[in-house]
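**Q** give me coordinates for this.
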Amino acid sequence: MAERRMFAKTIIASDAFLDMPLSARCLYFALGMYADDEGFVNSPKSIARLIGASTDDMNILLVRRFLIAFPSGVCLIKHWRINNYLRSDRFQPTKYTEERNQIMIEENGAYVLISERYTNGIPNDGIPRIGEIREEKVSIGKDRIEEIAPPSVAASNTRFTKPTVDEIAAYCSERKNNVDPQAFFDFYESKGWRVGNQAMKDWRASVRTWERRERPRKPQADKPSGDKYKRED
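**A** Next up, the predicted model:
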């Protein structure tokens, strides 16, 4: 595994990155240094404790899509291939093959979960494999997507994905509001994640709606009545 790591200015100088707290940005750099040659990190929580980062910092990186998390506890740096490129004679494929087979490479070089792009029945020949990522031109462009996934499948991936309590908590922490993440989750869970008669499309927008409702209203000053002015006149 290579001992040197790089970070692209297009990523770390972006507004999305710089808007995060300093502690979350430091955690991103630390994870980048400990990642393997494909961007996988097997002990992200230990690294966070090592540098004094909090759970909120990890959640912010996940919510902002700088990290991809897997049920195994392994995480993946989404823009790894944009940050780093290794010569084939120095490259060592990741040992986390199960997680590797769940992701694909976008046209801009970023990783993305296959489940976020397609649903059922995606042919294996449409998924970049470990040996293929050594080529600079490996990507799935628009023409290839249309070939392996019909428009109905591609469109279905825009459907709503229910957030976790941790994701809600990270977003509320980022906005510094008074919304209770567990109460928000329980309320919409009981409603089947529907807003009125419509299926929810953007849970973050619903959080902002709760945020506005819970802001303390300024008491209105008593307005002088007409009788008062009449008496004074």
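
**Q** list the contacts of the spatially most central residue of the chain.
**A** The structure's the chain has its C-alpha centroid closest to Arg65; by Cα atoms, centre = their mean the separation is 2.6 Å. For Arg65, the contacting residues are Lys78, by Cβ atoms under 8 Å, 6 or more residues apart in numbering. From N, CA and C alone the C-beta is placed, and that goes for glycine too.

**Q** any idea how far it lies from Val195?
**A** As for Arg65, its distance to Val195 is 24 Å (criterion: Cβ to Cβ, to the nearest Å).

**Q** please apply the same query to Asn84.
**A** 42 Å.

**Q** who has more neighbours out of these two?
**A** Legend: neighbour count by other Cβ atoms under 10 Å for Asn84 and Val195, higher for Asn84 (19 against 15).

**Q** need the pLDDT of the more buried one.
**A** Looking at Asn84, its pLDDT is 81.

**Q** thought it was touching Met6?
**A** Yes: using Cβ atoms under 8 Å, Asn84 makes contact with Met6 at a distance of 5.2 Å.

**Q** mind listing the strands for the chain?
**A** Along the chain, the stretches classed as strands by DSSP state E are 40-41, 67-69, 75-77, 103-105, 111-113, 194-195, 198-199.

**Q** Phe187: which of the ones you listed is closest?
**A** strand 194-195 (10.9 Å; Cβ to Cβ).

**Q** what sits up against stretch 183-190?
**A** With Cβ under 8 Å, 6+ apart, stretch 183-190 has contacts from Pro163, Thr164, Val165, Ile168, Arg194, Met200, Trp203, Ser206, Val207, Trp210.
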